[in-house]
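Student: Predicted model and sequence follow; I will ask about them next.
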Amino acid sequence: MYLNTISPAENSKPARRRVGRGIGSGIGKTCGRGHKGQTSRTGGYRKVGFEGGQMPIQRRLPKVGFHSWRSKLTKELTLNAINLLTAELVDLQALRDAGVINGAIKFVKIIRTGTLTRPVTIQGLGVTAGAKEAIIAAGGKVEE
């Protein structure tokens, strides 16, 4: 197979419309644009969503919702995920090295889901109150 031999399947692409080729073609004279008016002229157009002067739907409806930019940069980790790490010191760089988070993540918060079976030191990460109790109970510590 060569790039110059690739072609679409037979009859999968209709022939292009040849306008202005006589009245027998069905699209001669006005070429499918109708008679007179803005859209029959060259360069005539209407804005996307234009409704003939009526207030467009995108302006009639209220603005809804909000999406925080911070949600793309934040990740929640469970105590189970921390338990799987081999590092004693858990910070952003240790999590990146272990492949738990990618380079785009800037904020991490540890939540209390699961159990922690070994002492670890958490440094520079957000920790919920319940997760902090569990880390201290396992013999670890949390450094802000």
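Tutor: Everything's here; your move.
Student: Need phi/psi at the most centrally placed residue in the chain.
Tutor: Within the chain, one residue has its C-alpha closest to the average C-alpha position: by C-alpha atoms, centre = their mean, that is residue 72, at 9.1 Å. Phi and psi for residue 72, reported as degrees, to the nearest 10, are phi -80, psi -20.
Student: ranges for the helices of the chain?
Tutor: Residue ranges of the helices in the chain, as given by DSSP state H, are 57-60, 79-84, 92-98, 129-137.
Student: Minimum distance to residue 118: which of the ones you listed has it?
Tutor: Each of the helices of the chain has some distance to residue 118 by C-beta to C-beta; the shortest is helix 79-84, at 7.2 Å. Yep, even glycine has a C-beta here, placed from its N, CA and C like the rest.
Student: buried sites along that closest one?
Tutor: By neighbour count, and taking 16 or more other C-beta atoms under 10 Å as the criterion, the buried residues in helix 79-84 are 79, 81-82.
Student: Looking at the residues you listed, which one is closest to residue 3?
Tutor: residue 81 (46.7 Å).
Student: Surely that closest one and residue 100 touch.
Tutor: Yes - applying C-beta atoms under 8 Å as the test, residue 81 and residue 100 come out as touching, 6.3 Å apart.
Student: Mind putting the helices of the chain into a markdown table with mean pLDDT and distance to residue 143?
Tutor: Below are the helices of the chain laid out as a markdown table (pLDDT from 0 to 100; distance: least, C-beta to C-beta, whole Å):
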| stretch | mean pLDDT | distance to residue 143 |
| --- | --- | --- |
| helix 57-60 | 95 | 50 |
| helix 79-84 | 93 | 14 |
| helix 92-98 | 94 | 13 |
| helix 129-137 | 95 | 11 |
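Student: Quick one: closest of the ones you listed to residue 114.
Tutor: Proximity of the helices of the chain to residue 114 was assessed by C-beta to C-beta; the nearest stretch is helix 79-84, lying at 3.4 Å.
Student: and that closest one, how far out from the chain's middle?
Tutor: Using C-alpha atoms, centre = their mean, to the nearest Å, we find the averaged C-alpha position of helix 79-84 to lie 28 Å away from the chain's own average C-alpha position.
Student: Stretch 5-21 too?
Tutor: Between the centre of stretch 5-21 and the centre of its chain there are 35 Å (C-alpha atoms, centre = their mean).
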